[in-house]
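> Could you look at this predicted model? Sequence included:
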Amino acid sequence: MSNLTLALRKAAMDGVLARFRDKPFDWAGANCIRLARAQAVALGHDLPPVPMFRTPLGAKRALKKQGVESVSALLDKHFDRLPSPAFAWLGDLVAGPADPAHGLEAIGIADGQGNVWGWSEQNDHQSLVPILFANAGLAISWRL
């Protein structure tokens, strides 16, 4: 949690990135909410498992079962929202605006150096990549 040293936060983040780094984005497997949960658990949060879904529609149904309409609303239930992504520490979660194609936000992990780790069009969502904050269109962040 936020009382962890930067060295412990980095070690936790490095472990999560190693687990997801070479996996392509997959609604049924490696996806933003699973990445976010893994990061939060690595930093000491106790969270319920992510339900199974295979499509954006399935992800929206899973959110509704949790009583929320968006990924950001789900994260708001568990973590403190920061005033701006500029306040994100190494290992915190950040989100861009909802994708117009499916209405879900993309979640990534802040690296504390002005980048966010996430899946991107840069490499056709084939693996996690560092994306510059300035190019990510980030809108929201949460302290883990």
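Yep, that arrived. Numbers count the residues shown, from 1 in each chain.
> What is the burial count for the closest residue to residue 110 other than its chain neighbours?
Leaving aside its chain neighbours, residue 110 sits nearest to residue 88 (3.8 Å; criterion: CB to CB, 6 or more residues apart in numbering). To be clear about C-beta, it is placed using only N, CA and C from the backbone, and glycine gets the same treatment. Neighbour count of residue 88, defined by other CB atoms under 10 Å: 25.
> so what's residue 88 up against?
Residue 88 sits next to 82, 94, 110, 112, 141, 143 when contact means CB atoms under 8 Å, 6 or more residues apart in numbering.
> you'd agree the third one is up against residue 89?
Yep, that's residue 110 we're talking about. Yes: proximity of residue 110 to residue 89 meets the contact threshold set by CB atoms under 8 Å, at 6.8 Å.
> got a winner among the contacts of residue 88 for most neighbours?
For these, neighbours tallied by other CB under 10 Å; top is residue 110, 28 neighbours.
> where's that one relative to residue 78, distance?
Taking CB to CB, to the nearest Å as the measure, residue 110 falls 17 Å from residue 78.
> where in the chain is pLDDT low?
Scanning the chain for pLDDT under 70 picks out the ranges 1-2, 134-136.
> And the helix ranked longest in it, what does it pack against?
Counting by DSSP state H, the longest helix found in the chain is helix 6-20. Judged by 3 or more CB pairs under 8 Å, 6 or more residues apart in numbering; DSSP states H and E, the packing partners of helix 6-20 are helix 32-42, strand 105-110.
> roughly how far is it from the heart of the chain?
13 Å (CA atoms, centre = their mean, to the nearest Å).
> Helices along the chain, start to end?
6-20, 32-42, 56-65, 71-78, 133-136.
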